[in-house]
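Colleague: Return a 3D structure for these sequence lines:
(one chain, ligands or ions: 1)
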Amino acid sequence: MSSEVEPSSAPQITSTPAAIDLPAPAYTLTAVYDDARHTLSALEEIAYTNRSGESIAEILLVVDASVYPGVFRLNAIESSQGPAVTRTGWERIWLHVGLDRPLAPGEVIRLSLDYELILPARIADASLRPMVFGWSERQINLVDWYPYLPPYRPGQGWLVHPPGFYGEHQVYEASDFTVNLQVIHAPAELVVAASAPERREGEWRHYQLLQARTFALSLSPLYQTVTRQVGGVAVNGYFFPAHRIAGEAAVQTAAEALELFGNLFAPYPRETLAVVEADFLDGMEYDGLFFLSNGFYNLYSGAPGDYLVALAAHETAHQWWYGLVGNDQALEPWLDEALCTYSEKLYYESRHPEALSWWWEVRVRYYQPRGFVDDSIYNPHSEAQAYRTYRDAVYLNGAIFLDRLRQQVGDEAFFAFLKDYAGRFSKQVATGKDFFRVLRAHSSADLSGLLGEYFQSTP
Ligand SMILES: [Zn+2]
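Modeller: Modelled structure (predicted):
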């Protein structure tokens with residue numbers, strides 16, 4: 001297995017402490033969703049402060065929706081503060097926005113975009129990866145539904161990667177979101193699940209989510225709901241009819257995991273968490289909201305040793321490993337996926353030790369996982385089972401690696417390290433180098449043998 005395909009010059013992300021004093025990117029989205037036509041008209045205002053310490057010659061916007069032909073239409077883009085917009089040009093899913101002069105360090109640019117989405121129909125095709133974005137008869141999902149700015153690295157520019165065949169390619173800066181949504185031509189029983197609590201005002205729904213990677217929405221006229229309070233957090237479950245038992249189990253697990261991870265890693269920073277049954281066969285994490293495959297709801301056995309339970313814990317852990325602590329999901333997916341898979345084990349240890357052997361044998365060892373943990377999403381695994389090869393290496397072997405790491409440094413150092421790592425890189429984008437730098441502050445154990453076994457490049 002080699003990693004020569006994706007540009008091996010993986011950008012070295014370092015947090016820029018000087019930038020912390022300047023405001024994070026802020027997005028205000030005012031959108032009307034027409035449920036009869038599956039279209040969305042949006043006005044987006046972006047306030048972006050240049051925190052890079054160098055002049056930025058042009059703005060880059062990531063438009064993930066544009067990966068689907070005919071879905072995204074930009075009507076207008078202009079600047080109301082800072083450099084003026086001179087031209088725009090597309091490159092893959094990126095919109096280059098030319099400026100009449102560079103954006104100076106510390107300077108603010110305010111962009112206004114007027115755009116429309118014609119949501120794609122989600123087609124279940126076993127030969128393709130399941131789609132999250134778009135509509136089906138049972139569920140409309142608005143995920144990565146607005147243009148956003150990727151992180152900007154001094155000397156390197158905008159940090160973007162093209163979509164891969166599997167895995168996520170996005171790198172997100174922690175940003176503030178204000179969302180105003182009106183839904184028209186929808187059945188009265190339509191339920192809206194969102195990344196943040198809803199405030200209703202007539203026909204409008206208002207949301208605010210601060211210091212988040214993403215803002216996601218999921219709509220369905222069929223959703224049944226269940227809520228469980230944990231501390232000050234409302235864990236809200238949304239599931240399809242006939243899945244009440246599984247829907248309640250998913251929320252129960254998410255609430256328990258949220259409490260546990262809040263103690264082990266860092267306090268959960270939000271008022272709500274939405275646990276949404278996916279109308280597709282996959283799970284997917286967003287800030288304040290995640291999807292769980294309906295396959296797990298269909299097959300839920302009622303026992304704790306069950307994929308519904310394991311994956312509800314996994315997706316909840318993404319609120320820390322992805323949400324609170326960001327990472328480059330394309331080049332270093334192990335930083336969130338291995339940690340979330342291992343967090344499943346932490347959940348079982350604490351809440352269902354009787355099912356720990358199920359977790360090891362059925363969830364992990366059954367697949368005889370192998371492969372380097374620091375695989376990227378671009379490795380051209382030639383086998384037919386390319387996704388499985390990636391998953392086995394990054395998720396499963398990643399969890400085995402973390403368990404061996406824990407044994408080597410000891411529980412005290414391991415858990416102190418996790419807390420320290422979560423705290424130091426909260427609202428930042430961490431790298432593998434950051435991970436090991438913090439780890440070495442907690443343990444002087446010689447890790448060279450372990451790293452040689454599980455990592456292809458020296459972290
Ligand atoms: Zn995951």
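Colleague: residues from the protein in reach of the ion?
Modeller: 337, 340 (Cβ under 5 Å from the ion). (Glycine included, C-beta is placed from N, CA and C.)
Colleague: can you rerun that using 6 Å?
Modeller: 285, 314, 318, 337, 340 (Cβ under 6 Å from the ion).
Colleague: Which of those residues are buried? Put it as a PyMOL command.
Modeller: Typed into PyMOL, the line below selects the buried ones among these, using 16 or more other Cβ atoms under 10 Å:
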select buried, resi 285+314+318+337+340
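Colleague: taking the residues of the chain next to the ion one by one, which sit in strands?
Modeller: Of those, the ones assigned to strands by DSSP state E are Glu285.
Colleague: Tell me which two of the residues of the chain next to the ion sit farthest apart.
Modeller: By the measure Cβ to Cβ, Glu285 and Glu337 form the most distant pair in those, at 9.9 Å.
Colleague: Low-confidence bits of the stretch 251-400 of the chain, can you list those?
Modeller: 380-384 (pLDDT under 70).
Colleague: what about the strands in it?
Modeller: Assigned by DSSP state E, counting those that start in this stretch, the strands in the stretch 251-400 of the chain fall at 272-278, 284-286, 289-293, 326-327.
Colleague: Which of those strands sits closest to Pro162?
Modeller: That would be, of the strands of the stretch 251-400 of the chain and by Cβ to Cβ, strand 326-327, which comes in at 17.5 Å.
Colleague: Can you convert the residues of the chain next to the ion into TSV and add a column each for distance to Ala254?
Modeller: As requested, the residues of the chain next to the ion are exported to TSV (distance: Cβ to Cβ, whole Å):
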residue	distance to Ala254
Glu285	12
His314	10
His318	11
Glu337	18
Cys340	13
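Colleague: ok, the residues of the chain next to the ion vs Arg351, which is closest?
Modeller: The closest of the residues of the chain next to the ion, once distances to Arg351 are taken by Cβ to Cβ, is His314, at 13.8 Å.
Colleague: can I assume Asn141 is in contact with Pro130?
Modeller: No - in this structure, Asn141 is not within contact of Pro130 by Cβ atoms under 8 Å, at 11.0 Å.
Colleague: Residue of the stretch 1-150 of the chain nearest the ion, please.
Modeller: Val132 (12.8 Å; Cβ to the ion).
Colleague: hang on, the earlier thing: now, which of the residues of the chain next to the ion sits nearest Tyr395?
Modeller: Once Cβ to Cβ is applied, the member of the residues of the chain next to the ion that ends up nearest Tyr395 is Glu337, at 4.9 Å.
Colleague: for that closest one, what are its contacts?
Modeller: 394-395, 398 (Cβ atoms under 8 Å, 6 or more residues apart in numbering).
Colleague: likewise Glu203?
Modeller: 182-184.
Colleague: how about 6 Å then?
Modeller: Shown in contact with Glu203 (Cβ atoms under 6 Å, 6 or more residues apart in numbering): Gln182.
Colleague: phi, psi of it?
Modeller: Backbone torsions of Glu203, given as degrees, to the nearest 10, read phi -90, psi 0.
Colleague: Count the residues that sit near Arg87.
Modeller: 10 (other Cβ atoms under 10 Å).
Colleague: Apart from its chain neighbours, what residue comes closest to it?
Modeller: Distance criterion Cβ to Cβ, 6 or more residues apart in numbering; nearest residue to Arg87, sequence neighbours excluded, is Gly98 at 4.3 Å.
Colleague: buried stuff in the host helix or strand of that neighbour?
Modeller: Secondary structure from DSSP states H and E places Gly98 in strand 94-103. Applying a neighbour-count criterion of 16+ other Cβ under 10 Å, one finds 94-95, 97, 99, 103 buried in strand 94-103.
Colleague: With pLDDT and distance to Leu43 added, can I get the residues you listed in a markdown table?
Modeller: A markdown table is the format used below for these (pLDDT from 0 to 100; distance: Cβ to Cβ, whole Å):
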| residue | pLDDT | distance to Leu43 |
| --- | --- | --- |
| Trp94 | 97 | 21 |
| Leu95 | 98 | 16 |
| Val97 | 98 | 17 |
| Leu99 | 98 | 21 |
| Leu103 | 98 | 22 |
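Colleague: and which of those is nearest to Pro197?
Modeller: Leu95 (31.2 Å).
Colleague: so who does that closest one touch?
Modeller: 61, 63, 88.
Colleague: and the first one, what helix or strand is that in?
Modeller: In other words, Leu61. Using DSSP H and E, Leu61 falls in strand 56-62.
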